[in-house]
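**Student:** Compute the structure for the input listed below.
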Amino acid sequence: MNQAMFCQSGDRPWTPTPDGNRRRVLVHTDELMIVEFAFEKGGVGALHSHPHVQGSYVAEGSFEVTIDGVTEIIGEGGSFIVPSNLVHGVKALEKGRLVDSFTPRRADFIS
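**Tutor:** Residues are numbered from 1 along each chain as shown. The predicted structure follows:
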């Protein structure tokens, strides 16, 4: 297996995202990927959709999360699921981090 099975804090580099935030791919196989996203206060993850199922955990801060037109505030320790192809996005209400899992992996995140 050519993929890393483990990842320690700081092992992976941060990459700027098109919407002005940062992400780092932590670990992945063809079937599953874990990615950390960092946002400054007011940072936006623009509304978008993709065929991957996404599970997200709020590791730090709080976010206004919109999924399929429904918006909720999710704070540190909270989580949410985005089913395949639903339009979704986030706004950081304070500086924060999300840890997202995608199935299958997001090939577009791998350089």
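**Student:** so where's this protein shaky on pLDDT?
**Tutor:** Along the chain, segments meeting pLDDT under 70 span 1-3, 111.
**Student:** Give me the most central residue, it.
**Tutor:** Closest residue to the average C-alpha location of the chain: Asp100 at 3.8 Å, with Cα atoms, centre = their mean.
**Student:** Tell me the span between the first and last residue of stretch 37-56.
**Tutor:** One end of stretch 37-56 to the other measures 10 Å (Cα to Cα, to the nearest Å).
**Student:** mind listing what's buried in that stretch?
**Tutor:** 37-39, 43, 45, 52, 54, 56 (16 or more other Cβ atoms under 10 Å). C-beta coordinates here come from the backbone N, C-alpha and C atoms, glycine included.
**Student:** gap between His50 and Phe39?
**Tutor:** Here His50 is placed at a distance of 19 Å from Phe39 (Cβ to Cβ, to the nearest Å).
**Student:** Which strand or helix spans Ile73?
**Tutor:** Using DSSP states H and E, Ile73 sits within strand 70-75.
**Student:** Alpha carbons of that strand, as CSV, please.
**Tutor:** Output in CSV follows, covering the C-alpha atoms of strand 70-75 (Å, rounded to 0.1, in the frame of the first residue of the first chain):
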residue,chain,number,x,y,z
VAL,A,70,-31.5,24.6,5.9
THR,A,71,-29.1,26.6,8.2
GLU,A,72,-28.0,25.7,11.7
ILE,A,73,-25.2,27.0,14.0
ILE,A,74,-22.9,24.1,14.9
GLY,A,75,-20.3,24.7,17.7
